[in-house]
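**Student:** Sharing a model prediction with you, sequence too.
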Amino acid sequence: MLLVLMKLWSKPRMSTTELELEIHSAYMDRTEFSSPDVLEVAVVLSRADLTFLYLNFADVLDSDQNTEPLALTNIGFVVSTLICGRSLCASIGTDIEIPLIERQGHVRKLCLAFDSSFHTFTGVCAALASGASFGRLALWVDVDEQANLQVVQDECWSWLAYALWSKGSGCSVRELAIGGIGLSRSGLSIFKAAFQQNYPEPDLMRNVEYGLITIPEGVEVKPRAWMENDSMGLMLTHECRCRARYNNATKNVDFILPGFGICTTKADNRSKFVPDATADLSDEVVAHIPNLGSLELDLSQVESGDVLDALLKLIGGDVRSLTLSIQEGWLGVGNQRVKVDLSELAPCVPLGRAPPAECHYFRVQTQRTITSMGPEDVGNVRS
């Protein structure tokens with residue numbers, strides 16, 4: 001049952017309990033996120049056990065500059081409440097009164113859709129890393145054809161590495177699907193760096209330290225997305241312990257706030273930064289998501305088979321079901337065929353069968369009932 005909650009909320013004489021009993025699935029998009037009523041809707045959703053929740057962030061921030069601050073505040077509240085489990089901030093400089101609530105219900109399947117606007121993507125990834133748990137998580141990024149396309153795609157991989165695979169991530173997912181973005185050598189490099197540094201914008205400069213910062217209740221912070229708006233800000237309503245990066249030169253601390261992405265503050269007696277004891281910069285890293293059994297990648301393009309091999313070696317070793325597709329027309333540089341070496345993914349291939357040496361689309365599983373691989377399991381798409 002797909003449900004537009006704003007219509008449900010507007011029904012007369014309907015108690016909160018009745019609303020919770022009627023909600024099984026929910027869909028929210030730009031209309032809801034730009035409305036002040038979305039806060040009340042989020043309160044109802046936080047009390048419901050949802051089979052399916054679809055949050056569509058596409059086009060939220062490009063329609064009206066006047067509604068953008070409202071939308072960013074609403075999105076941060078919805079995401080921190082429904083994904084992290086509680087609201088973290090109050091708004092400063094707006095008329096928005098953010099309720100202080102904790103999530104009581106659960107979300108079984110979460111679907112997230114983004115456009116090339118990066119503000120919402122970073123806030124959601126920050127929330128996922130804070131300890132979210134889902135049966136199925138699907139993320140789709142519709143990256144527009146633009147001059148900075150490569151930069152946007154690389155940043156997506158950086159944040160995905162932090163949110164889902166880094167050592168500091170608390171995200172637990174049984175089925176994961178990622179689609180819409182391309183994979184390049186630079187994207188793979190930044191993925192590795194973000195995983196190693198446990199930070200989505202890795203920087204190997206010597207005057208930068210990574211660690212944790214504890215920010216007490218009542219401290220005012222400003223997300224990077226709001227830097228151009230001097231009148232807006234946030235005030236923490238709970239003490240937060242966040243992943244952070246300290247710049248020795250400026251004494252600034254960039255930290256990751258669930259629902260809002262990267263914020264900046266000064267390290268002082270109230271907000272104490274504690275650096276990591278050691279930094280693991282080894283080239284041999286293997287990423288792991290607790291309980292992950294199924295991985296689906298629907299990539300818009302792939303620079304080379306070697307790059308794809310390396311990514312699958314990093315993130316595919318523990319999965320029991322792997323589905324990979326590359327959108328037709330983007331089968332590598334110049335529409336050349338991409339060769340994929342799956343020899344590193346033995347756990348993803350049925351026992352007794354060699355993995356396919358070359359393919360553009362494949363589906364392999366390792367359930368014990370499967371003993372052979374037939375034509376339906378491996379497809380070959382030619383340009």
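**Tutor:** Great, that's in hand.
**Student:** In the protein, what residue spans correspond to helices?
**Tutor:** Per DSSP state H, the chain carries helices over the ranges 5-9, 16-22, 30-33, 38-46, 68-79, 118-129, 149-160, 185-197, 305-315.
**Student:** low-confidence ranges in the stretch 101-250 of the chain?
**Tutor:** Applying pLDDT under 70 to the stretch 101-250 of the chain flags residues 144-147, 204-206, 226-231.
**Student:** quick revisit: deepest in the core, which of the helices of the chain is it.
**Tutor:** Neighbour counts (mean count of other C-beta atoms under 10 Å) averaged over each of those peak at helix 118-129, with a mean of 26. Quick note: C-beta positions are derived from backbone N, CA and C, even for glycine.
**Student:** quick one: contacts of that one?
**Tutor:** Helix 118-129 has contacts (C-beta atoms under 8 Å, 6 or more residues apart in numbering) with 55, 57, 60-61, 72, 75-76, 79-80, 83-84, 112, 114, 137, 141, 152, 155-156, 159-160, 162-164, 166, 168-171, 200, 223, 225, 243, 256-262.
**Student:** CA atoms only: put that helix into CSV for me.
**Tutor:** Output of helix 118-129 as CSV, limited to C-alpha atoms (Å, rounded to 0.1, in the frame of the first residue of the first chain):
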residue,chain,number,x,y,z
PHE,A,118,24.7,17.0,-2.8
HIS,A,119,23.4,18.6,0.4
THR,A,120,20.6,16.0,1.0
PHE,A,121,22.9,13.1,0.0
THR,A,122,25.5,13.9,2.6
GLY,A,123,22.9,14.4,5.4
VAL,A,124,21.3,11.1,4.7
CYS,A,125,24.6,9.2,4.5
ALA,A,126,25.6,10.8,7.8
ALA,A,127,22.4,9.5,9.3
LEU,A,128,22.9,6.0,7.9
ALA,A,129,26.3,5.8,9.5
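**Student:** Report the angle between it and helix 149-160.
**Tutor:** Angle of helix 118-129 versus helix 149-160, following axes from the mean of the first three to the mean of the last three C-alpha atoms, to 10 degrees, is 20 degrees.
**Student:** Model confidence for the residue nearest to Ala113 when sequence neighbours are not counted, exactly?
**Tutor:** In space, and not counting its chain neighbours, Ala113 is closest to Asn56: 4.5 Å by C-beta to C-beta, 6 or more residues apart in numbering. Here, the pLDDT recorded for Asn56 equals 92.
**Student:** what does the one 3 residues further on give?
**Tutor:** According to the model's per-residue confidence, Asp59 sits at a pLDDT of 77.
**Student:** And for the one 5 residues further on?
**Tutor:** Reading off the per-residue confidence, Asp64 sits at a pLDDT of 46.
**Student:** And the one 3 residues further on, by the same measure?
**Tutor:** At Thr67, the pLDDT value in this model is 50.
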